[in-house]
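This is the structure alone, sequence omitted:
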């Protein structure tokens, strides 16, 4: 099944050995040759010394979910030789540094030995150079083995080494070294190889965190507070990097304020303080941070303060697998904090949507005066995806929501027929009007609090007033339902009995699985959830089908639970398809899960 | 009672400040604290300070945490926005609010539980970031709303009302604040308006992080004869290291002081602090000496009060972060959103 522009290469290296940039150049070269690629970093929670892997799936057809079965293993880490060899498909290849030759106990795998260390030792004197250029030597060997365009590779090297131009020549020498050795000693290219293609034309290669940080810039966010936590750190760092290019005045002053907080509690506190005071403010975190931020999320919910939170989910519970991916914070985010709370969630499926939803989240937060949580994950956040370019509508007017100016405060009664009160539902959409500190000398001041308050923001212990306010905030969710992004529905068979619901990073794997199933004559209609609260389309989709698979990356079928409790979909109808090993989902998993249920005999035979 | 609105009618003879406002315009709702609570005296002093400084109340933001002290912002400045946040987290809310709008006056109100226990980390980091704010701790050595447990500022020698001994040493917030780099550190006593009002005025006009620890007896749980945070004890052991005159820039400087016994400190906004040194050793510009003054007095069972430390040239968070001179929340979206052309250039770099 593998072949030209259709295979998986995996690099097994040691963390901290400088392999990441060489691997990145490899993927970028294929991308620039127009070939859809999906590089996945499978890295340890470690700085130096532990094993790390980089998987690159090449798919001219554009299937960019993870695929198991490695066609070519670049085995550079003796610690993991055994398992790396085992992962290669029969008939596959394994490239290794044969400076110390070894016997590989598999006859169905072609071994490609390149004496990399020996060649580097002969070429360079400096130990660090000898080490770093090893990576470019194996990339050089791959250019011959896979028939990669060396000129395109050079362009990727030049980009990678911006500011260090002197190193380009040395890197290209290392590439030539590996390439020449491979050409001389092996039949190049291999049956799996690449050729120029169109599938990635017009696309960009970017990580979701980079995209989301940029989305916050386009949203006009000025206050960012965060605490370092994998895998969300690079989002705040991306915001800062973009801000330093795009948000400096002519006088050299910054149009943004970033605080690396002392912990996640302070990070969300700073963001809420900023939102309360009329700035667009956000924080980024992951599972443990969500737990810590919960009390503050309840305050923002109840006191109705806009704030945006990016949750880059990782493997839980507890510290879990900080460098692996999951979708396991759905329930904890939907209901974060004690008491009756409920939060708006957005589910981007790729970096393009991280950008778009990263910006949209701020409009929703200010319109709805509530926290909005963007539910990304490690796979989208930290891996580079081939994705549609970012788009922005110049005519877009940022929705700042119902914030009263001094003039509007003066005329409020005249316009609305009643006096202003912070928590009055004047427009029957359950969204009250807010005021910012410093607006008017005598009007609009109020006390924001997490204690119970009445419609005029006064402290109350009157149970009826308390219930009234809670009811109105719940009704705000009805309004939210009309504003959040609608799901993406793909109907393959209008009279079909089987539906499938998915969301987020599993999207490429699910789409591939649906095509595989269709080839087997199994037509499954699909719906991709983009937001919570669920829109009516979700309910309608479930009503259309006898059974609906719900694909998610957690143990407890959290999205399924949410569909049952919030959309009142009968549980018997919702079939969980769950993966929670921390690895990006494969199409084979989804295909297997569906087939096993619909055609158990066939699934067993396969 | 806080739900009882005070009558808004003013007596025509009430004195007015430069803004044409009376004391009443700086008040809040009725206090729900116990009669005689030190916190109410601090509230009254704050109202007086803001009135005398002619501050437009709507340009002040009051932020607090949780506890008796944190309820107090309801009882002053009803024309100001307030934010009663979560326990121990007033500093982060204020930091964010200040980042969003550098032009307001931020008054943070906290208590000893709110600051010295649950909020100790946020207290430290707000100081470290030099947030331009006045941070007031209404310090009574106990948890009032939960009925009188010791707080971390209660002296080890100070038993509970029932006579239970306090097993642990107290945290001295002023020493901590100086050590962490707070630019203005003072201690006062809720029962000493003459000292408290000028200190509040000086703290509010200070550019940078101003910390004011006000010993404020809890009449219900910590005002018994053996408490070191009782009215009687503090009155008997109050050791003022200096006596402060706060002179606003606009006022004519008429204060006279004898050479060698006074220190004059010029503030960022041009106002001046004139300190009549009572303790000849004390120079409030010397952080080490300030800590010494607190410790040597404490060793003698005395509470050193007054302006303990001041750094005349502190930079605030915005200076450090090099943010725009305008409030960030006032910058138009057109300046914040880079637009389509910039995005095309970014897309091109990612190809």
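Nice, thanks for sending it over. These numbers were taken from a predicted model, which means no experiment stands behind them.

can you tell me which residues contact the residue positioned nearest the centre of chain A?
Geometric centre of chain A, nearest residue: residue A:380, 2.6 Å, by Cα atoms, centre = their mean. Counting by Cβ atoms under 8 Å, 6 or more residues apart in numbering or on different chains, residue A:380 touches A:207, A:208, A:348, A:349, A:350, A:351, A:354, A:504, A:505. C-beta: built from backbone N, CA, C; applies to glycine.

Which of those residues fall within helices?
Using DSSP state H, the subset of the contacts of residue A:380 located in helices is A:208, A:351, A:354.

Name the member of these with the most neighbours.
When neighbours are counted by other Cβ atoms under 10 Å in any protein chain shown, residue A:208 leads the ones in helices among the contacts of residue A:380 with 36 neighbours.

can you tell me which residues contact that residue?
A:312, A:348, A:350, A:351, A:354, A:376, A:380, A:381, A:382, A:383, A:385.

10 Å instead, please
By Cβ atoms under 10 Å, 6 or more residues apart in numbering or on different chains, residue A:208 lies in contact with A:215, A:231, A:234-235, A:238, A:310, A:312, A:348-355, A:358, A:374, A:376-385, A:387, A:505.

Using the three-state scheme, assign residue 195.
All of this refers to chain A. Assigned with DSSP: H, G, I helix; E, B strand; the rest coil, residue A:195 falls in the coil class.

ah, no, chain B please
Remark: residue B:195 carries the secondary structure label helix [criterion: three-state DSSP].

before we move on, what SS does the one residue in the stretch 301-450 of chain A that gets nearest to chain B have?
Using Cβ to the nearest Cβ, residue A:437 is the residue of the stretch 301-450 of chain A that sits closest to chain B, at 3.6 Å. The local conformation at residue A:437, judged by three-state DSSP, is coil.

For the helix or strand residue A:240 falls within, list every residue counted as buried.
Under the criterion of DSSP states H and E, residue A:240 resides in helix A:233-246. Residues A:233, A:234, A:235, A:236, A:237, A:238, A:239, A:240, A:242, A:243, A:246 are the ones in helix A:233-246 that count as buried (16 or more other Cβ atoms under 10 Å in any protein chain shown).

Show me the helices in the stretch 401-550 of chain A, by range?
A:406-410, A:412-416, A:463-483, A:507-519, A:536-544 (DSSP state H, counting those that start in this stretch).

which one of these is the most hemmed in?
helix A:507-519 (a mean of 21; mean count of other Cβ atoms under 10 Å in any protein chain shown).

ok, which stretches of the stretch 501-606 of chain A are strands?
For the stretch 501-606 of chain A, the strands defined by DSSP state E, counting those that start in this stretch cover A:525-528, A:531-532, A:547-552, A:574-578.

of these, which approaches chain B most closely?
Among these, the nearest to chain B by Cβ to the nearest Cβ is strand A:531-532 (22.6 Å).

quick one: strands adjacent to the closest one?
strand A:344-346 (antiparallel) (DSSP bridges).

Stretch A:188-204 and chain B, are they touching?
Yes: applying Cβ under 10 Å from any Cβ of the partner chain, one finds that stretch A:188-204 is in contact with chain B at A:200, A:201, A:202, A:203, A:204.

Of those residues, which belong to strands?
In this view, those that belong to strands under DSSP state E are residue A:204.

Enumerate the residues of the stretch 201-350 of chain B near chain A.
The stretch 201-350 of chain B comes close to chain A at residues B:317-318, B:321-350, as judged by Cβ under 10 Å from any Cβ.

can you put the helices of the stretch 401-550 of chain A in a markdown table and add mean pLDDT and distance to chain B?
As requested, those are exported to a markdown table (pLDDT from 0 to 100; distance: least, Cβ to the nearest Cβ, whole Å):
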| stretch | mean pLDDT | distance to chain B |
| --- | --- | --- |
| helix A:406-410 | 97 | 9 |
| helix A:412-416 | 96 | 16 |
| helix A:463-483 | 98 | 11 |
| helix A:507-519 | 97 | 19 |
| helix A:536-544 | 97 | 30 |
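
Turn those into TSV, columns for distance to residue A:395.
Output for the helices of the stretch 401-550 of chain A, formatted as TSV (distance: least, Cβ to Cβ, whole Å):
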stretch	distance to residue A:395
helix A:406-410	24
helix A:412-416	27
helix A:463-483	19
helix A:507-519	29
helix A:536-544	26
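
Out of these, which gets nearest to residue B:288?
When the helices of the stretch 401-550 of chain A are compared by Cβ to Cβ, helix A:406-410 sits nearest residue B:288, at 48.4 Å.
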